[in-house]
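> Sequence first, then the predicted structure, then my questions.
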Amino acid sequence: MAGHATQLRTRDGFQVWDGMCNRHRLLHFLVKLHGMSEEKAHQLLDPADKQNVPKAVSLLQAICSLQQFPLNPLHPSEQSDLRRFHFLGEVLSSFLLPFITLDMPLDQQIISLVKYAHLICACWIRHGNSFMSGALYADGQAIVKNIIFSLAKQQILDEARDFHIILDGTDRLEQVFSDARTQDHSRNFDVLQLSQKLATASTINNIFLRNPELDRGHTRLSLAGASGVDHVNPASCTSNLTSGSVNIQALWASGQREANVVLVHYFGEGAAISFTTLFSDPTKDLLRPEGNYIGATASDSMDKYHESNCTPSNNVRTSTVPIVDSDDEDNIGDVAARAANVNIEDLLPSSPGQPIQTLPSTHFLPGPDGKEYYKGSIVSSYFRGGRAKKVVERTLRARGVTLESLRESQNPNTTDVLSGDGAVIVGDLAATIVRAGERVCLVVIHIVGFVFNKSRVDRVAIEILEQMDTNLVVTGEVLEILPMRSHDESTNSSWAWSLSYLSSTGKGKSSKLTVKQATFRFPGWLIIPLCPTLRPATLVCDNPPQPYTWVFEEEILEESLLQLWSLVEHQYPDQAHEALADLPSLSIDELPYRSGGGTI
């Protein structure tokens, strides 16, 4: 569960069918939930505490709650984003609810877990590690596999006994670890002490097994409305959990069917997968949907899980916490740099028989400013980046609060320079021009992020966009727009969004749709914001997945194209070839946009 939460907190996001989900879009919807404040939503999406399982479960429950949020009050782009989070909530609830729902019978638990396994399999076949990391995929499938195997074994041993899926995980192992750490005041121990503590914990557990009335566990009358519950006492379950009451093969087939029902509901008939045909190949199964085990190679990891994409939240609020002065940090860094230049050969004697030179035995070393610094601080400064330096306050250190997170909270991304009444924000629509093969054409993009002076921001003032010398990069998804014929004219007067995004042609043999193929980067000065109109989605398809779509007037698109090209000519006077070479190049078969009367 913590792995799913870590994936959801990534800044760059992940691919879900033809669109992308990221932390900013998720935050936009979380704050709309009843009882969810902006501060609480930021805390749920803070990636600093990756091992906080209750907070991870709370985040997954919040995403599942988005399924109850309607599409109607939102504009078309938000409706499209929310549909993907509805699907994601379906996937996550299929995995989460069997473990925390006290009145869910065993057959429904198995169907739900099988549905989860096949849904993530379908997404992996389509997106690979752009949907989730290989390790997370392998862990999820292994959990489902172990539960199915354990249930089958229990049916052979004694089918009259209850089967609790929570006991198939690490719940009891974590309890033993807790007993070992809380037997005395020494929470840290060596190998010998660990063996002694484990022996004592085993003895205690044996006593409780013989006398269950001594330890009844934690009980709650109801989990309704509870959030963040990651351990459920089996004694609290009220449903039928008899292992012999279920038919595993029938439940497996039901889980497959429900997975395809979900795929068709959200993404159309073409999203369904014949799992029976797929797994008729003996080299393929849920752990090996493409013939090789997933999560066993370095290529299965997600680039977005790297340290640079998991910076702490800007919402750690404090003003009186003592921290190390920035000048002291620089001095420590200088000392560390000098220590790094000392090699082992420099300490060896020049001739045999001479004593070996040693570094001073003191625990402090002098710095360039005359101050003495503790050697541990120097080593820590040398081997760890600025993000790892924690504050002095004990309670905040325990929460993982670092110096960088405090400084970011004092210097938020959205500043007065970047925002204003005429600001362009993430989620807006804009026009730009690109090279599609040997042609220059206009594209309409959905903005998913800004990078200004190497910092990520959520909004940019119009004045910044108009400055050609600014260091601004815009990331966006390319909309597929289709021509609409007016009732009284034979020419195309407007274009409507088809509710789909365009992606570039993948290189190599892989047919997977990745984040890199679905999102593109554009120079900020080559962006013109658009203001489309709202129209019924039935204009583009008979049974649309959402009620409304965007419509763009052709005249406005043509004016935007001329204005963008004039910007290019102004930027590259008398250098047409260089201008064309510097334009973003997209390998998208559907570009340029085509109509009966020509292209844009």
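Perfect, thanks for sending it.

> count of neighbours near Leu586?
When neighbours are defined as other CB atoms under 10 Å, Leu586 has 20 of them. Every C-beta, even on glycine, is put in place using the N, C-alpha and C of the backbone.

> what does stretch 108-123 rub up against?
Stretch 108-123 is contacted by residues 16, 90-91, 93-95, 97-98, 104, 131-132, 137, 140-141, 143-144, 147-148, 151, 165, 246, 248, 251-252, 254-256, 258-260, 262-263, 271, 273, 275, 286, 289 when judged by CB atoms under 8 Å, 6 or more residues apart in numbering.

> got a list of what the nearest residue to Gln571 once chain neighbours are set aside touches?
Distances taken as CB to CB, 6 or more residues apart in numbering place Met468 nearest to Gln571, at 5.7 Å, with adjacent residues excluded. Listed by CB under 8 Å, 6+ apart, the contact partners of Met468 are Trp525, Leu567, His570, Gln571.

> if we can go back for a sec, out of the contacts of stretch 108-123, which sit inside strands?
Secondary structure from DSSP state E places Val16 of these in strands.

> before we move on, back to that, any idea which of the contacts of Met468 has the most stuff around it?
Trp525 (20 neighbours).

> Okay, that residue and Val460: tell me how far apart.
Plainly put, Trp525 is 11 Å away from Val460 if you go by CB to CB, to the nearest Å.

> anything in contact with each of these two?
Common neighbours of Trp525 and Val460 (criterion: CB under 8 Å, 6+ apart): Leu472.

> And Val451, its phi and psi?
phi -130, psi 110 (degrees, to the nearest 10).

> cool, and Glu372?
Torsion angles at Glu372 (phi, psi; degrees, to the nearest 10) stand at phi -100, psi 140.

> Local confidence estimate at the residue nearest to it when sequence neighbours are not counted?
Distances taken as CB to CB, 6+ apart put Phe364 closest to Glu372, at 4.0 Å, once the chain neighbours are dropped. Phe364 carries a pLDDT value of 70.

> which residues of the stretch 201-350 of the chain score low on pLDDT?
216-228, 230, 297-350 (pLDDT under 70).

> should've said the stretch 351-500 of the chain
For the stretch 351-500 of the chain, the ranges with pLDDT under 70 are 351-363, 367-369, 374-421, 485-492.

> the strands in the stretch 501-600 of the chain, which residues?
520-523, 528-529, 533-536, 548-553, 594-595, 598-599 (DSSP state E, counting those that start in this stretch).

> which parts of the third one are buried?
Burial within strand 533-536, assessed by neighbour count using 16 or more other CB atoms under 10 Å, is assigned to Arg535.

> What is that strand packed up against?
With contacts defined as 3 or more CB pairs under 8 Å, 6 or more residues apart in numbering; DSSP states H and E, strand 533-536 has these neighbours: strand 548-553.

> Show residues contacting the strand it packs on.
So strand 548-553 is contacted by 75-77, 79, 429, 444, 479, 481, 484, 493-499, 530, 532-537, 539-540 (CB under 8 Å, 6+ apart).

> strand partners of that strand, parallel vs antiparallel please.
Each strand paired with strand 548-553, and its direction, by DSSP bridges: strand 492-502 (antiparallel), strand 533-536 (antiparallel).

> Great, nothing more from me.
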